[in-house]
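Q: here is a sequence with its predicted model. Questions after.
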Amino acid sequence: MQILNPSRWYLHPLFIFTCSTLALAASLLITVQWYMEITAGLEIVVKKFNINPELIFPSKTGMIILVLTALIIVVLIGISLAYIYYQKTVNLFRLQHNFIYNFTHELKTPVTSLKIYLETFTKHDLEIKDIKKYSEYMLEDINKLNENINSILNLAKIESQSYKSELTNEDPTELVEKFCRKNAKLFHNCKIILENPEKGVFTCPVNIFLFEMFLMNIISNAIKYNESKSPVIRVSFHYFKHKFLIKFIDNGIGIEKKEIKKVFSKFYQSKRGEKGEVEGSGLGLYLVFNIARIHDWKISASSGGLGKGAMFTLVIPKLSPEDYKRKLLWKILRRNEFWS
């Protein structure tokens, strides 16, 4: 899909859509006006020659006009839907293009860095402290590569429904606490505070593998979009009526109001910093949203604006394991019926 030449403005889809709509509307108005003029002329003839009106004006004329009007309206609706679909396709293409460009850049940068370090090892005799320092840099680059590759693999697993289907009845509070403790080294630059971690208050059916992927992406996203000297993430747990809420509150760069509805979209990449640079692969929060959807949970984002941090709220309904499995099985059957 190529961007149209500005000099050929007459080929732009918006111009074609507008002209088509105006042409159909004009044809409807002209047809109605033409019919009214002919009808008025025939009425004069009927009165002058005393002709039976039923011979001149068929009883179905009005119905025919209504049907033609309805058909034209349907055509207009079809053109509008086609234009909307085209616009969504163009936006998806742009997102994919940005994703490929940025993802390629994120793969190329650590690979180039690793190449330079390895060339340094082979061409120079280094002291042990320098070897250790460069080795740590190389490990960081490898971790970046591993993170990007895992994002793609996890996306493929989730979209192909090839994830583990085992569900166990777990306490999400305890799972979050274990995850943070197990991955403390990965988040050593960030302070994670668990608030109200009352164990045993709530349990729910959960796929531990997917839930850990959920936590990894949502916490990594909060750290990535944080420019403060001391990044802080507060994870609070609230039991409200028949729902259990987990809130992830950070002191990061925040989210603009116009971006809140887009952050969970596939390939969507938020801008950050004063230069408005685009970062990330655009898959982290998309995975978060889909993992929540798979469990029949709901995830939402909110923010006071740029520089005011962000809050992601996970809502887990209270269902018995039997009810949850029955609901999940029904969703799978409906999905398979749709694709068949």
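A: Perfect, I can see it now.
Q: now do the helices in the stretch 51-200 of the chain.
A: Under the criterion DSSP state H, counting those that start in this stretch, the stretch 51-200 of the chain contains helices at 53-56, 61-123, 128-159, 172-182.
Q: now the third one and helix 61-123, what's the angle there?
A: I take that to be helix 128-159. Between helix 128-159 and helix 61-123, the angle comes out at 160 degrees (axes from the mean of the first three to the mean of the last three C-alpha atoms, to 10 degrees).
Q: Ile291 against Leu210, yeah?
A: Yes - between Ile291 and Leu210 there is a contact under C-beta atoms under 8 Å: 4.9 Å. (Each C-beta comes from the backbone N, C-alpha and C, glycine too.)
Q: which of those two has more neighbours?
A: Neighbours were counted for Ile291 and for Leu210 using other C-beta atoms under 10 Å; Ile291 has more, 25 against 21.
Q: tell me the phi and psi of the more buried one?
A: Torsion angles at Ile291 (phi, psi; degrees, to the nearest 10) stand at phi -70, psi -40.
Q: from Ile316, how far out is it?
A: Ile291 sits 12 Å away from Ile316, taking C-beta to C-beta, to the nearest Å as the criterion.
Q: try Ile128
A: Counting by C-beta to C-beta, the gap from Ile128 to Ile316 is 51 Å.
Q: so the two - more neighbours on which side?
A: More crowded of Ile128 and Ile316, by other C-beta under 10 Å: Ile316, with 19 against 7.
Q: show me what contacts the more buried one?
A: Residues near Ile316 by C-beta atoms under 8 Å, 6 or more residues apart in numbering: Pro172, Phe202, Cys204, Lys243, Phe244, Leu245, Ile246, His295, Trp297.
Q: now do the contacts for the closest residue to it other than its chain neighbours.
A: Ranked by C-beta to C-beta, 6 or more residues apart in numbering and with sequence neighbours excluded, the top spatial neighbour of Ile316 is Phe244, at 4.5 Å. By C-beta under 8 Å, 6+ apart, Phe244 lies in contact with Pro172, Phe202, Cys204, Phe237, His238, Val315, Ile316, Lys318.
Q: host element of Phe244?
A: strand 243-250 (DSSP states H and E).
Q: partner strands of that strand and their direction?
A: Strand 243-250 pairs in its sheet with strand 232-240 (antiparallel), strand 310-317 (antiparallel), by DSSP bridges.
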